[in-house]
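1. next come a sequence and a model predicted from it.
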Amino acid sequence: MRNHSIALLPGDGIGVDVIQEGKKVLEVASQLDGGFTISFESFDWGCEYYSKHGKMMPDDGLDQLKQFDSIYLGAVGFPGVPDHVSLWGLLLPIRRHFQQYINIRPVKLLRGIPSPLANRTQTDLDFIVIRENNEGEYSNIGGRMYEGTSQDMAIQASVFTRQGVEKVLRYAYQVAQKSGKRKRITAATKSNGITYTMPFWDEYIQKINAEFPDIETSIIHIDALCSFFVTKPDSFDVVVASNLFGDILTDLGAGIIGGMGIAPSANINPEKKFPSMFEPVHGSAPDIAGKGIANPIASIWCASMMLEHLGELDAAHAIMEAMQDVLEERKFVTPDLGGIASTEEVGNAICKRLYESMR
Ligand code: NAD
Ligand code: IPM
Ligand code: MN
């Protein structure tokens, strides 16, 4: 029997609640499928760990994670620890060390969720954002000068490499080629205002596009693209973007499919040399943490993406169906979607539905 080893990193705030529900769903799916087992190991790394140890994870944390098939993460960051300390102490090192340079973020309206955009249905809202996940605007290069004087200033470099840009673009074109949909790439840019990195990015788009002549390509400024996410979401198939542009676009993407509680994300190391990591797009939501009302849908969707990545296609599909059946029934939905159910009640309802459908 196949076994998949999963490192659980619930992290901070609502990360803990939503990962608990996702884990339950994964357990039920593996038991019912019968073809595979999952072994979990949980790690208590995050902001609480930081307050005790002065670091977000142990010094050999990345070594400990390396042996797992996948990493399933909740959220990192909480008031009390500066965000750049918590995120650069745990989440971002994992993405980089394990060369998870592809970040897949589906923008797809689920069955049972009314679209926040008027008169839009599931067929209008169904595309994928592929975000460059290892370089670009997220760099540690820069500095602060003349602090405490009237000349106080900060500089932050963006670093785009040929290898990094080509890899994410080629991956995006391959996804578009397999999409069976419109076979269209939309690339985010800002070459009107950003004079070195964005023309560089555009140049490589043209180059990689030449390798895929059957794919239609549009290069659109990030500001206009934000507007088109709202006004013509049906025009997209695969959207490819730099690290920061992809980050911002995918919170907008979450907004148009029902909110932050829905959107999933997969940090992929395509070579499978290292574990990939699955985590919701959202953060630790300090405003609702501890209330038991966080929406677990994004995390449960991530659990399905993780099983798909591990080759368990039937179980992955069954989770998506059970989740959408529960959403459609509207009996167990969390307050962000207009319901009154708790995180746990939604998780339980999905487990029950999964049990009924797979038994
Ligand atoms: P956030 O995503 O945590 O919250 C934004 C808003 O969305 C809040 O109103 C929150 O209540 C709501 N929300 C988020 N997830 C929800 C869910 N599952 N159900 C219902 N409502 C939900 O973003 P933020 O407030 O900017 O960040 C809070 C902390 O999380 C910060 O420390 C930030 O750096 C961190 N963060 C971490 C990750 C990550 O670990 N991947 C992602 C984003 C933000
Ligand atoms: C995300 C988050 C992270 C990012 C932050 C917390 C560093 O916003 O995963 O979308 O910007 O990548
Ligand atoms: Mn983000």
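-> Noted; the coordinates are in hand. Residues are numbered from 1 along each chain as shown. Ligands and ions are numbered 1, 2, ... in the order given.

2. Val107 looks like it's in a strand, true?
-> Yes: Val107: assigned to a strand according to DSSP: H, G, I helix; E, B strand; the rest coil.

3. relative to Asp202, how far out is the residue of the stretch 251-359 of the chain found nearest ligand 2?
-> Across the stretch 251-359 of the chain, no residue is closer to ligand 2 than Val281, which sits at 5.5 Å (Cβ to the nearest ligand atom). Every residue, glycine included, has its C-beta placed from N, CA and C. With the distance defined as Cβ to Cβ, to the nearest Å, Val281 ends up 26 Å from Asp202.

4. for Gln64, same thing?
-> 41 Å.

5. can you check Glu166 too?
-> Distance of Glu166 to Asp202, given as Cβ to Cβ: 13 Å.

6. nearest spatial neighbour of the residue of the stretch 151-300 of the chain at minimum distance from ligand 2, chain-adjacent residues omitted?
-> Residue nearest to ligand 2 within the stretch 151-300 of the chain (Cβ to the nearest ligand atom): Asp247, separated by 4.2 Å. Nearest non-adjacent residue to Asp247, counting by Cβ to Cβ, 6 or more residues apart in numbering: Arg131, 6.7 Å away.

7. re earlier: tell me the contacts of the residue of the stretch 251-359 of the chain closest to ligand 2?
-> For Val281, the contact set (Cβ atoms under 8 Å, 6 or more residues apart in numbering) comprises Arg105, Thr250, Asp251, Gly253, Ala254, Met260, Ala263, Pro264, Ser265, Ala298.

8. and the helix or strand harbouring Asp247, what does it pack onto?
-> For Asp247, the host element (DSSP states H and E) is helix 243-256. If contacts are counted by 3 or more Cβ pairs under 8 Å, 6 or more residues apart in numbering; DSSP states H and E, helix 243-256 sits against strand 102-108, strand 126-132, strand 184-189, helix 222-231.

9. got JSON lines for these, with distance to ligand 1 and mean pLDDT too?
-> Shown next, in JSON lines, are the helices and strands packed on helix 243-256 (distance: least, Cβ to the nearest ligand atom, whole Å; pLDDT from 0 to 100):
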{"stretch": "strand 102-108", "distance to ligand 1": "10", "mean pLDDT": "98"}
{"stretch": "strand 126-132", "distance to ligand 1": "12", "mean pLDDT": "98"}
{"stretch": "strand 184-189", "distance to ligand 1": "19", "mean pLDDT": "98"}
{"stretch": "helix 222-231", "distance to ligand 1": "17", "mean pLDDT": "98"}
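
10. got the residues of the chain near ligand 1?
-> Counting by Cβ under 6 Å from any ligand atom, the residues of the chain close to ligand 1 are 14, 18, 75-78, 83, 87, 91, 260-261, 279, 282-288, 294-295, 298, 336.

11. which of those fall in strands?
-> Using DSSP state E, Ala75, Glu279 are the members of these that sit in strands.

12. so how do I select the buried members of the residues of the chain next to ligand 1 in ChimeraX?
-> The following ChimeraX line selects those of these that are buried, judged by 16 or more other Cβ atoms under 10 Å:
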select :14,18,75,76,77,78,87,91,260,261,279,282,283,284,285,288,294,295,298,336
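
13. the domain parsing of this structure - what is it?
-> Here the domain parsing of the chain from automatic domain parsing is 1-101+265-359, 115-257.

14. out of those, deepest packed?
-> Ranked by mean neighbour count under mean count of other Cβ atoms under 10 Å, the domains of the chain are led by domain 1-101+265-359, which reaches a mean of 19.

15. what about that one, start to end distance?
-> Start-to-end span of domain 1-101+265-359 (Cα to Cα, to the nearest Å) is 19 Å.

16. same thing with stretch 81-96?
-> 21 Å.

17. what does stretch 268-285 give?
-> Stretch 268-285 end-to-end distance (Cα to Cα) = 24 Å.

18. ok, now stretch 29-38?
-> For stretch 29-38, the first-to-last residue distance is 10 Å (Cα to Cα).

19. so which bits of the stretch 1-150 of the chain are right by ligand 2?
-> So the stretch 1-150 of the chain meets ligand 2 at Gly77, Leu87 (Cβ under 6 Å from any ligand atom).

20. ok, now the stretch 251-359 of the chain?
-> Residues of the stretch 251-359 of the chain found near ligand 2 (Cβ under 6 Å from any ligand atom) are Val281, Gly283.
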